[in-house]
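Peer 1: Predicted structure and sequence below. I'll ask about it afterward.
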Amino acid sequence: MRGWRAQARSWWQHPAFGRGLREMAAVSPGLAAWGLMTGVAMVKSGMSPFEAVAMSLLVFAGSSQLAAMPLIAAGAPVWVILATSFCVNLRFVVFSAHMRPYLMHLPLRWRLFQGYLTADLSYVLFTRHYHHPSENDAERREQLAYLSGGSLFNWVSWQGASLIGIALANVIPTHWGLGFAGILALLGVGCSLASSHLRRVAAGVAGMAAVAAYALPLKLNIVVAIACAVALCLIIEESWPKRPGAAA
């Protein structure tokens, strides 16, 4: 327990922790709207408040939750629910591989904790500031303090909004357009991630494939969209000529 407290204190008292928190605070209102809508949607789909709270705290992945909820309500097979959730969150495998050099010096319990807290925007903000992992202990502490500040604020804002949505699900009228607000929030996150030609191609292909396969049951058009985007982008990446210095 002392080790946990000492490690946490070394991050929370570092100036980079506050910087990460403030920068995340500037971009989190959109995600809070998305979290509110997700909380409402969980209860509206037939889940009990206890189940919705448990899903929010344990899963902590809005897109995966929204993909799984209609499948759960429709009584879809467990493998379909798990496969859909896995495909929707497949990007976190890439995030994990990228973050590995930054976190591998930590004990397993801290790696699991940071992995649970890290979400799309906290990953994006962190990698924009720190392009390479440091071998210096002081710089490592700064990096982890920044990541912890941003991730913790993101988690608190998401869970707070989600729990409010769960509590007020039967009070908030559906015609308020919370679903549309959530779509706009997710669209903002997606646009912030579309920082290269390849990512924009992936987004366009996924969108067209999802619309083309919309008639498929159990929301399987989402799985088709992800598969098409990944397959096409792998082909493009292999065939594109490498720019000078790209390997570096």
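Peer 2: That came through fine.
Peer 1: Setting aside sequence neighbours, what's the nearest residue to L232?
Peer 2: Of all residues beyond its chain neighbours, the one nearest L232 is V205 (5.3 Å), with distances taken as C-beta to C-beta, 6 or more residues apart in numbering. C-beta here means a position set from N, CA and C on the backbone, and glycine is covered the same way.
Peer 1: which stretch of helix or strand covers that neighbour?
Peer 2: V205 is located in helix 197-212, with elements delineated by DSSP states H and E.
Peer 1: what about that helix, distance to the chain center?
Peer 2: Helix 197-212 has its C-alpha centroid displaced from the chain centroid by 18 Å (C-alpha atoms, centre = their mean, to the nearest Å).
Peer 1: cool, and stretch 212-231?
Peer 2: For stretch 212-231, the gap between its own C-alpha mean and the chain's C-alpha mean amounts to 20 Å (C-alpha atoms, centre = their mean).
Peer 1: ditto for stretch 115-126
Peer 2: Averaged C-alpha coordinates place stretch 115-126 at 7 Å from its chain's average position (C-alpha atoms, centre = their mean).
Peer 1: show me where this structure has helices.
Peer 2: Per DSSP state H, the chain carries helices over the ranges 2-12, 15-44, 49-59, 62-73, 78-88, 91-103, 108-117, 120-129, 137-167, 178-193, 197-212, 220-239.
Peer 1: would you turn these into TSV with mean pLDDT and mean neighbour count?
Peer 2: Listed next are these as TSV, based on pLDDT from 0 to 100; neighbours: other C-beta atoms under 10 Å:
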stretch	mean pLDDT	mean neighbour count
helix 2-12	62	12
helix 15-44	85	21
helix 49-59	92	16
helix 62-73	83	20
helix 78-88	87	16
helix 91-103	90	14
helix 108-117	90	14
helix 120-129	89	20
helix 137-167	91	21
helix 178-193	62	16
helix 197-212	88	15
helix 220-239	85	16
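Peer 1: per-domain residue ranges of the protein.
Peer 2: Listed by automatic domain parsing, the domain ranges of the chain are 2-182, 194-248.
Peer 1: and the longest one, how far from the chain's centre?
Peer 2: Centre-to-centre, domain 2-182 and its host chain are 6 Å apart (C-alpha atoms, centre = their mean).
Peer 1: show me what contacts the closest residue to G20 other than its chain neighbours?
Peer 2: Nearest-residue entry for G20: G149, 3.1 Å, with adjacent residues in sequence omitted and distances by C-beta to C-beta, 6+ apart. Contacts here follow C-beta atoms under 8 Å, 6 or more residues apart in numbering; on that basis G149 touches 11, 16-21, 24.
Peer 1: Dump stretch 32-41 to CSV, restricted to CA.
Peer 2: Output in CSV follows, covering the C-alpha atoms of stretch 32-41 (Å, rounded to 0.1, in the frame of the first residue of the first chain):
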residue,chain,number,x,y,z
ALA,A,32,-19.2,14.3,-21.2
ALA,A,33,-22.2,14.7,-23.5
TRP,A,34,-21.4,11.4,-25.1
GLY,A,35,-21.1,9.8,-21.6
LEU,A,36,-24.5,11.3,-20.6
MET,A,37,-26.2,9.9,-23.7
THR,A,38,-24.5,6.5,-23.1
GLY,A,39,-25.9,6.4,-19.5
VAL,A,40,-29.4,7.2,-20.7
ALA,A,41,-29.2,4.7,-23.6
